[in-house]
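Enquirer: I need the structure of the sequence given here:
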Amino acid sequence: MLKKGSKLYSILTGTCPKCMNESMYVDKNPLHLGSVLKMNEHCSHCGLKYQIEPSFFYGAMYVSYGLNVGVGIATFIVSYLIFKSSIQTSFIAIIATLIILFPIVLRWSRNIYINMFVSYDPKI
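Expert: Below you'll find the model as predicted:
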């Protein structure tokens, strides 16, 4: 399903968007909260500098906002419409889901953001 060379592969695996051979993160596990945002400076395979410009990943906050809104809406639909929970229970479910998925959404937002600007190069 996920083939090397697709943006979705790079986004979901957290690999370098240019060569897709190495993880962008020092620790591949997003659940290690102490190192969730620690990134390598360069890709050791292709040499891509991940921090393209100073404060580059501040733009990922907007992507994170959109992802969190999507997760919140999906949680509400599942909780309220499918499980027929009360409004109060649905909002508690939204908050719990957002807290649990926080580190994953942080990484995905960075992965999506850098993939907006860097494309895969099969020649590398």
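Enquirer: Tell me which residues touch the residue nearest the centre of the chain, please.
Expert: The residue lying closest to the centre of the chain (CA atoms, centre = their mean) is Trp108, at 0.4 Å. By CB atoms under 8 Å, 6 or more residues apart in numbering, the contact list for Trp108 reads Ile11, Leu12, Leu67. Backbone N, C-alpha and C define where each C-beta goes, glycine included.
Enquirer: any idea what it is structurally, helix, strand or coil?
Expert: Classification of Trp108 by DSSP: H, G, I helix; E, B strand; the rest coil places it in helix.
Enquirer: what sits against the closest residue in space to Lys49 that isn't next to it in sequence?
Expert: Closest residue to Lys49 apart from its sequence neighbours, by CB to CB, 6 or more residues apart in numbering: His42 at 5.4 Å. His42 is in contact with Leu48, Lys49, Tyr50, counting by CB under 8 Å, 6+ apart.
Enquirer: Against Met61, how distant is His42?
Expert: Per CB to CB, to the nearest Å, His42 is found 23 Å from Met61.
Enquirer: Can you give me the distance of Phe102 to Ser64?
Expert: According to CB to CB, Phe102 stands 9 Å off from Ser64.
Enquirer: Oops, could you answer that again for Ser6 instead?
Expert: From Ser6 across to Ser64, the span is 22 Å (CB to CB).
Enquirer: Between these two, tell me which one has more neighbours.
Expert: Ser64 (20 against 14; other CB atoms under 10 Å).
Enquirer: Look up the pLDDT of the more buried one for me, please.
Expert: Ser64 is assigned 97 on the pLDDT scale.
Enquirer: would you list the contacts of His42 in TSV and tack on neighbour count, secondary structure and distance to Phe91?
Expert: Formatted as TSV, the contacts of His42 follow (neighbours: other CB atoms under 10 Å; DSSP: H, G, I helix; E, B strand; the rest coil; distance: CB to CB, whole Å):
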residue	neighbour count	secondary structure	distance to Phe91
Leu48	20	coil	41
Lys49	11	strand	42
Tyr50	19	coil	36
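Enquirer: For stretch 100-111, buried residues please.
Expert: Using 16 or more other CB atoms under 10 Å as the test for burial, stretch 100-111 gives Leu101, Pro103, Val105, Leu106, Arg107, Trp108, Ser109, Arg110, Asn111.
Enquirer: Having no further points to raise, I will conclude here.
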